[in-house]
Each structure stands twice: as C-alpha cells, then as structure tokens.
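Trainee: Below are the sequence and a predicted model; questions follow.
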Amino acid sequence: MSYELGAQHETNLSELLDELHRVGVRLWLDQGVLKCDAPKGAVSHQLRDRLRACKPEIMARLRADQQHIRNDDWQVDAQLPDHITSNGPKIGMCHSPRVILLTGATGFLGAFLLAELMRQTQAIIICLVRPDRGLTNPEEQHQTVSDRLTNVIENYGLTSSVDTSRLELMAGDLKQPEWGIPKNQYQELSERIDAIIHNGAHVHHGLPYENLKITNVHGTLESIKFAFKSRVPLHFISSLSVLPPQLVQGFKRYYETDSLKTTPVPSGGYNRSKWVAERLVEQAADRGLPVTVFRPGPISGHSKTGVFNRQDFLYRLVLGYMESGMAPDGAMHLDPLPVDFVSQAMIWLSVGGGGSSQASQFARYHLLHPKPASSDLVFDACCEAGMPIKRVPYATWFQHLKRIAEEKNIQHALYPLVALFASRTHAISNSSENLDPLPFDCSRAMTALEKAPFVLPELNQDLFRTYFRAMTRQGLESTSNIAGGVRK
C-alpha cells in the first residue's frame, strides 16, 4: 500500500465529507440546487459553517459524480471498452524516451519519481497537475500548478534534484475526459510523448469505491487511451493491496506473474479501485500496449534524509502507539521500502537502464522489502526516543483496534491500519524468528535490480533512528487527514 500526500484543499474537502457521512448527513443535487438531509442535532454550528464555506466545491464534486459515475458495478468498470485498442503496426517499448509524461507528481512518491527521472534520464519531463477548481484562465492555472509542485519539491528537499530546464507543466484533471486539456494541446502532447508513467490516484482508505473510481479508474482509462493514441508504453503504479493480505485457497505465494483474473477482488474502496484500474491495464497489454506494472507495498521515508510522508504506514503506526499509549506484545513483519529505493527501482525498471534490457512487452513487479524486519524495532525506537508506551497482549490491542473501527474514528492514526492488522493476526508471533513469511513474492523485481547502480537499504535500527530523528524535527502530531490523501 502506498499513501500519498496531495492538495491540502482536496484533502480538507474529503475530511468534511467523511465527517458529514459519519453523523448521517446526506447531500445531493436537485435540479442544480444542493439539498441536505441530516438527523436532528447532528450538525454543529462549526460543521454548518464548514459546509457553507465548501458549498461550491461540494456541488462541483456532486456534478462530476453525476457526469462520470454511470454505474456502481465494478465488474462493468473492469471491462476495457472494445474500441480502446491499437490501430496500425505493433507498438514497441521505448528504451530511450526523449519526452516523458508523469502524473501524480505532487504526491510523496510522485515527487521522488520526478527527481529520479531527472537523475536517470535526459528526457524532458511533463507533469500533469490538477489546477485549482474554478480557474479557467490558462495563466492562472499554470501559476497554481507551478506553485503546488514547487511547494512539494521544496518540502521534500528535492529542489537541487529537479532541473527546471527539463521540466514542463500541464494543467489537467484525471477525472475529466482527455484530462480536460484543450483538444489542440492534447493532440500536440500525444505527438511529443515517448512514455507515460501513470502514478496519479486518489488515495483514501475511508471512502467507498464509487467515490474513488472517477480518479483511480477513469483516470487510468484515460491514460490507456492516451497511450494507444500516442503509440507509447504505459508504466502504471498499482499497489500490493490489489492482492489479498493473506494466502487464499489455491495459492502458495502471490507471484509477479499472477494476473488479477486469478485472484479474489479485494474489499475496501481504494483497494478495489486499484484492482479495477490494474485489470484495465492488463487488458490493454493483451491488446498490444507495452506495459509495466508496479505493485509497491508500504513505502517509508528517505533512507538518508529521513524525509517522510505523514500518510505512510510507519508514521501512522508510531503515531498510533503514541495516541494509544500502548503497543501489542509479539512481533509482526515490517516490509516497507524507503521512498528513495522505490523511486529508483521504478524508474530503473521502466525508462532507466534496467528498462532498456527488458525484452518483454509486459512486466509486473512486486516492490516490498525481501528481508522484513520485526515490529519490535519500531517499539525499541519509540522507547529510545523517550516515548512512554507499554506492551499489552495482542488481544487487548486488537480490541482497541476494533473499537476504533466500530466507532468509525477516522481521525485516529490507526484507523487506516485496522484492516491491515486484522488481516495479519496470523502473522503475529512471540518471537521475530518464528514469523511466517509474507505471501508476496518479489524475486522477479529483486533479480532485475541486481545490476542496478543503487543498493537496497537494510531495515535495521540505524534506519529507524534516521526516521525518528526526522519525525522529531518535524514534530510528531496527529493530523485530521490521516485517513487519506491525494496524488494528482
């Protein structure tokens, strides 16, 4: 699972909608007028003021939902329309792209992908970034897009890694047909591009499928259409959450060669939206589109600087320990990959040096740490940092998680992790040496990376100390947007 930061305004709107849903408020449009149905006393004065302030944005989202969501049947959504296919000669995998289109650059992983594209290629990088809502003036759109990306790059300490002379910005929205780009610009873009890296997604583990599919499914469909039109390869960032968190009958391991056709459809809105999106990409590959699919697991901070994402697994876990004042007895696997290694690997295996040796028109890679660490390392690091956290029996910890889930306490740091802990109860052990192996095989990715000019960081005490120092510098604090984020 990957958790990405994005536009704060969009995240705040998602928080408000989550809160309204939690107290039983129903919103809809009736002939262009916003209607609201709420239980008596459910809406506080503060919540009412927030609702009024965000009314235009809420109406815009509801209109977009009406326009794009024609059905809530994921099985229908998972079928690539027949007309989306290749016409003409076979499309080849481009090994030395001159111009690359990147979506999702304003997210945590996306920012590091941009930096790696600058390091590993000589290409011009065009970043598709969503402009602020309501802006129609191209100059204003470009300025807001530029400001947003600049802020992200600066926040993650990547300013010196991005060559602005090779960076171009394109205002576009994944939710819109042809990304909302004027037709003449869309055509010109399709004639320039040599490869697409589609990383953009709405990452929110508290929203249902129907609220996420516009960006995650429709946005991927638009990327597929554009790749066919441009006759260029598509490199798609999926997620390990498209697979069951534990082995199901008939599987000894989940291999990188396994198609989603053979695995159960995951529960959870985000997981399902990524499953549907990846199925569309698989079908595009069957129709002749050169494709690389990456399924990353948890992504942690930078292994050297410690720069981290407040939405990632490790940050939530530490914050959850602090909020609860306790951690479970026993050990479980921690298999995150530092963001610098993930971004290096993705670019190396797609458009960098490793991608040039890829003979196949289709490749899929699992990116998780092949040598997981014990969760005891996190607890030890917490103690070393002077955090008063006590160990409790796992049953006590699990009951605590159940209460968080039952109360739908989405502001709690552990809320997005409840399903993960529940699914991994079988992997809890009194000893880190007795832990069951993780069900995901990543041998294909690790073999392909053996010749890469970078090494896999170890998950050891030094790495976690680096993370804790960075967390301390930035301040460990609870955030109300801990349930999700956006990378667009």
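Mentor: Structure's in. What do you need?
Trainee: List the contacts of the residue nearest to residue 61 when sequence neighbours are not counted.
Mentor: In space, and not counting its chain neighbours, residue 61 is closest to residue 13: 7.3 Å by Cβ to Cβ, 6 or more residues apart in numbering. The C-beta positions use only the backbone N, C-alpha and C, and glycine is treated the same way. For residue 13, the contact set (Cβ atoms under 8 Å, 6 or more residues apart in numbering) comprises 54, 57-58, 61.
Trainee: Could you list the low-confidence segments of the stretch 101-250 of the chain?
Mentor: Along the stretch 101-250 of the chain, the model assigns pLDDT under 70 to residues 134, 206.
Trainee: now the strands: where do they sit in it?
Mentor: Along the stretch 101-250 of the chain, counting by DSSP state E, counting those that start in this stretch, strands occupy 124-129, 167-171, 195-198, 201-204, 234-237.
Trainee: The second one to strand 124-129, inter-axis angle?
Mentor: Taking axes from the mean of the first three to the mean of the last three Cα atoms, to 10 degrees, strand 167-171 and strand 124-129 form an angle of 30 degrees between their directions.
Trainee: List the contacts of strand 167-171.
Mentor: Contacts of strand 167-171 (Cβ under 8 Å, 6+ apart): 101, 114, 124-131, 138, 141-142, 145-146, 149, 181, 185, 189.
Trainee: in the helix or strand harbouring residue 318, what's buried?
Mentor: Remark: residue 318 resides in helix 313-324, with elements defined by DSSP states H and E. The neighbour-count check on helix 313-324 (16 or more other Cβ atoms under 10 Å) flags 313-322, 324 as buried.
Trainee: Could you do stretch 129-143 as well?
Mentor: For stretch 129-143, the neighbour count (16+ other Cβ under 10 Å) marks 129-132, 141-143 as buried.
Trainee: same deal with stretch 90-108?
Mentor: For stretch 90-108, by 16+ other Cβ under 10 Å, it's 91, 93-94, 97, 99-108.
Trainee: Make JSON lines from those residues and add distance to residue 277 to it.
Mentor: Compiled in JSON lines, the buried residues of stretch 90-108 are given as follows (distance: Cβ to Cβ, whole Å):
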{"residue": "91", "distance to residue 277": "20"}
{"residue": "93", "distance to residue 277": "21"}
{"residue": "94", "distance to residue 277": "22"}
{"residue": "97", "distance to residue 277": "23"}
{"residue": "99", "distance to residue 277": "24"}
{"residue": "100", "distance to residue 277": "20"}
{"residue": "101", "distance to residue 277": "17"}
{"residue": "102", "distance to residue 277": "17"}
{"residue": "103", "distance to residue 277": "12"}
{"residue": "104", "distance to residue 277": "13"}
{"residue": "105", "distance to residue 277": "18"}
{"residue": "106", "distance to residue 277": "19"}
{"residue": "107", "distance to residue 277": "16"}
{"residue": "108", "distance to residue 277": "19"}
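Trainee: Out of the residues you listed, which two are the most distant from each other?
Mentor: Spatially, the most separated pair among the buried residues of stretch 90-108 is 91 and 108, at 31.0 Å (Cβ to Cβ).
Trainee: ok so, going back, can you list which of the contacts of residue 13 are found in strands?
Mentor: Among the contacts of residue 13, none falls in strands (DSSP state E).
Trainee: and of those, the nearest to residue 382?
Mentor: Nearest to residue 382 among those: residue 54, at 36.9 Å, using Cβ to Cβ.
Trainee: any idea how far that closest one is from residue 303?
Mentor: 39 Å (Cβ to Cβ, to the nearest Å).
Trainee: Those two - which one has more neighbours?
Mentor: Between residue 54 and residue 303, counted using other Cβ atoms under 10 Å, the more crowded position is residue 303 (21 against 18).
Trainee: which element is the more buried one on?
Mentor: With DSSP H and E as the criterion, residue 303 is inside neither a helix nor a strand.
Trainee: wait, doesn't it sit right on residue 466?
Mentor: Yes - if you go by Cβ atoms under 8 Å, residue 303 and residue 466 touch, sitting 7.0 Å apart.
Trainee: what does the average pLDDT come to for stretch 328-335?
Mentor: Taken as a whole, stretch 328-335 has an average pLDDT of 78.
Trainee: residues of stretch 109-128 that come out buried?
Mentor: So, applying 16+ other Cβ under 10 Å, buried residues of stretch 109-128: 109-118, 120-121, 123-128.
Trainee: how long is it end to end?
Mentor: 15 Å (Cα to Cα, to the nearest Å).
Trainee: go on, stretch 83-90?
Mentor: One end of stretch 83-90 sits 17 Å from the other (Cα to Cα).
Trainee: Redo the buried residues of helix 313-324 as JSON lines? Include distance to residue 275 and pLDDT.
Mentor: Formatted as JSON lines, those follow (distance: Cβ to Cβ, whole Å; pLDDT from 0 to 100):
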{"residue": "313", "distance to residue 275": "20", "pLDDT": "76"}
{"residue": "314", "distance to residue 275": "24", "pLDDT": "79"}
{"residue": "315", "distance to residue 275": "25", "pLDDT": "81"}
{"residue": "316", "distance to residue 275": "22", "pLDDT": "80"}
{"residue": "317", "distance to residue 275": "25", "pLDDT": "80"}
{"residue": "318", "distance to residue 275": "29", "pLDDT": "80"}
{"residue": "319", "distance to residue 275": "28", "pLDDT": "80"}
{"residue": "320", "distance to residue 275": "26", "pLDDT": "82"}
{"residue": "321", "distance to residue 275": "31", "pLDDT": "82"}
{"residue": "322", "distance to residue 275": "33", "pLDDT": "79"}
{"residue": "324", "distance to residue 275": "31", "pLDDT": "82"}
